[in-house]
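> Next comes the sequence, and after it the predicted model I'd like to discuss.
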Amino acid sequence: MRLRHFEELGPVCPRCRTGGLGDHPLLLAVVERRSGDDIIEGILHCTNAQCMQEFPVIDGIPIIVPDVAQYINDFLWHITARDDLSAALETLLGDAAGPSSAFDSTRFHISSYAHDHWGEFDPEEASTAIKPGAVARCLNAGLDLLTAPLGDGPALDIGCSVGRSTFELAGRVGGLVVGMDLNFSMLRLARHILTDGEITYARRRIGLVYDRRAFDVPNAGAERIDFWVCNAMALPFPAHRFGALSAMNVLDCVPDPRALLAAFGTILRPGGVGVLATPYDWSNQATHPTGWIGGHSQRGISRGAAEPQLRALLRPQGGTGLRLVAEVADFPWHVRMHDRSTVSYSTHLVAVRAAGDDEPA
């Protein structure tokens, strides 16, 4: 955790905020290990005497979520997983653990995300089925839609996964940038790229067969970037803290998409800008159907279409504090599963700005 990011962004306790106790700043209370201004291991404290929640910093990644104990229980495998095994032993463990194990599920997801985010820099990448880098292409296309200057930030990349979108955002925005996600394993990989300028991951070939890939990747702007564990539905930042944000394919992965949009409108400064993308790939596991933006109630005015409903939420009186600047109705996004499988999305890409002080929410 970069001290500069912590001090300038001034995170607040998400437990107090979600519990209705107001915004209380976090304090760096314990430093166990550091490298310059980078806190590798430590503990943050809530300054509210009625709370005093502790938030750990592990492998340079602060975990700032409302229920820390629940998060650690849910992600203990990711937090304690080794990343120093040889490729041979990793494949042996994968065979022994089998499909659907925590081990296999983790490397499967990292394989798909790492390939899309960074595969274009892999000298061994020979796949002709898809072209890696959809997340970067989509984000930059969205940033190109903005008519206002991006400014000096700071900027927030929500759902950053293994970090490519965070680096792309830093390349277009001045000032500090934070990439946030809930998946600790992916953030750990993003941190390696941040500090070392290289990536090592297991690329799935088929079934339980994975090939170790290791190569250099560009990490320009690394000194302005940090990666944090945060929950998009409980953002630990004061209002109007950011000048820009991005959220690539996040809207359909949260319990309350409308509340998430309203949170974006709150943390952006008046006139701040954002880029959002969503394929409306709704899942009952992530969002109850009553919370979906489209995808149900086909007898209504929009006949179940999602796009008109999102546009309505991005207008004055939409209740989100965001305004639609421009959009691309169908932006192609491909995700590699293995050598013979690719998932193709058509994502709705929108550029937004936060309402000014003189505009209704």
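That came through, no problem.
> okay, CA-based contacts and neighbour counts for the rest of this
Will do.
> Verify the contact between residue 161 and residue 188 for me.
No - Residue 161 lies out of contact with residue 188 (CA atoms under 8 Å); the separation is 9.7 Å.
> more neighbours, those two?
Counting neighbours by other CA atoms under 10 Å for residue 161 and for residue 188 shows that residue 161 has the greater number, 28 against 23.
> Distance check, the residue nearest to the more buried one when sequence neighbours are not counted against residue 356.
Nearest non-adjacent residue to residue 161, counting by CA to CA, 6 or more residues apart in numbering: residue 186, 5.5 Å away. For residue 186, the distance to residue 356 (CA to CA, to the nearest Å) stands at 35 Å.
> Between the two, which is the more surrounded one?
The neighbour comparison of residue 186 against residue 356 (other CA under 10 Å) goes to residue 186, with 21 against 15.
> Now the one helix or strand residue 73 maps to: buried residues?
Following DSSP states H and E, one finds residue 73 within helix 68-74. By neighbour count on 16 or more other CA atoms under 10 Å, the buried set for helix 68-74 is residue 68.
> Toward the C-terminus, what is the element adjacent to that helix?
Following helix 68-74 toward the C-terminus (DSSP H and E): helix 76-80.
> What's the mean pLDDT across that following helix?
For helix 76-80, mean pLDDT rounds to 95.
> name the helices or strands packed onto that helix?
Where contact means 3 or more CA pairs under 8 Å, 6 or more residues apart in numbering; DSSP states H and E, helix 76-80 is packed against helix 184-196.
> what's in contact with the helix it packs on?
59-61, 75, 78-79, 106, 110, 161-163, 180-181, 198-199, 217, 219, 222, 225-229 (CA atoms under 8 Å, 6 or more residues apart in numbering).
> Partner strands of whichever helix or strand comes after that helix, with direction?
With elements assigned by DSSP H and E, the helix or strand that comes after helix 184-196 is strand 198-206. If you go by DSSP bridges, strand 198-206 pairs up with strand 209-216 (antiparallel).
> Next up, phi/psi of the nearest residue to residue 68 once chain neighbours are set aside, please.
Distance criterion CA to CA, 6+ apart; nearest residue to residue 68, sequence neighbours excluded, is residue 55 at 6.8 Å. In terms of degrees, to the nearest 10, the main-chain angles of residue 55 are phi -130, psi 120.
> cool, residue 33 as well?
Main-chain dihedrals, residue 33, degrees, to the nearest 10: phi -150, psi 140.
> how close does it get to residue 189?
Distance from residue 33 to residue 189, by CA to CA: 19 Å.
> Those two - which one has more neighbours?
Neighbours per residue, other CA under 10 Å: of residue 33 and residue 189, the larger number sits with residue 189, 20 against 15.
> Check what pLDDT that one gets.
Residue 189 is given a pLDDT of 97.
> List the contacts of the closest residue to residue 291 other than its chain neighbours.
Excluding its sequence neighbours, the residue lying closest to residue 291 (CA to CA, 6+ apart) is residue 256, at 5.9 Å. Residue 256 makes contact with 233, 287, 291-292, according to CA under 8 Å, 6+ apart.
> what do you get for residue 261?
320, 322.
> I'd like to know how far it sits from residue 348.
Distance of residue 261 to residue 348, given as CA to CA: 15 Å.
> What's the first helix or strand after the top helix by length along the chain?
Longest helix of the chain, by residue count under DSSP state H: helix 102-118. Past helix 102-118, further along toward the C-terminus, the next helix or strand under DSSP H and E is helix 134-145.
> could I have the next helix or strand after that following helix exported to CSV, CA atoms only?
Scanning forward in sequence from helix 134-145 by DSSP H and E, the next helix or strand is strand 155-158. C-alpha atoms of strand 155-158 as CSV (Å, rounded to 0.1, in the frame of the first residue of the first chain):
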residue,chain,number,x,y,z
ALA,A,155,-8.9,8.1,-10.6
LEU,A,156,-10.5,4.8,-9.5
ASP,A,157,-10.6,1.6,-11.5
ILE,A,158,-13.4,-0.5,-10.1
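> longest single strand anywhere in this structure?
Secondary structure assigned by DSSP state E gives strand 322-338 as the longest strand of the chain.
> elements contacting that one?
Going by 3+ CA pairs under 8 Å, 6+ apart, strand 322-338 lies up against helix 102-118, helix 134-145, strand 198-206, helix 257-267, strand 341-354.
> so which of the ones you listed gets nearest residue 43?
With CA to CA as the measure, helix 257-267 is the member of the helices and strands packed on strand 322-338 nearest residue 43 (24.7 Å).
> buried ones in that closest one?
In helix 257-267, counting by 16+ other CA under 10 Å, buried: 257-267.
> From the residues you listed, pick the one nearest residue 300.
When the buried residues of helix 257-267 are ranked by distance to residue 300 (CA to CA), residue 258 comes first, at 18.4 Å.
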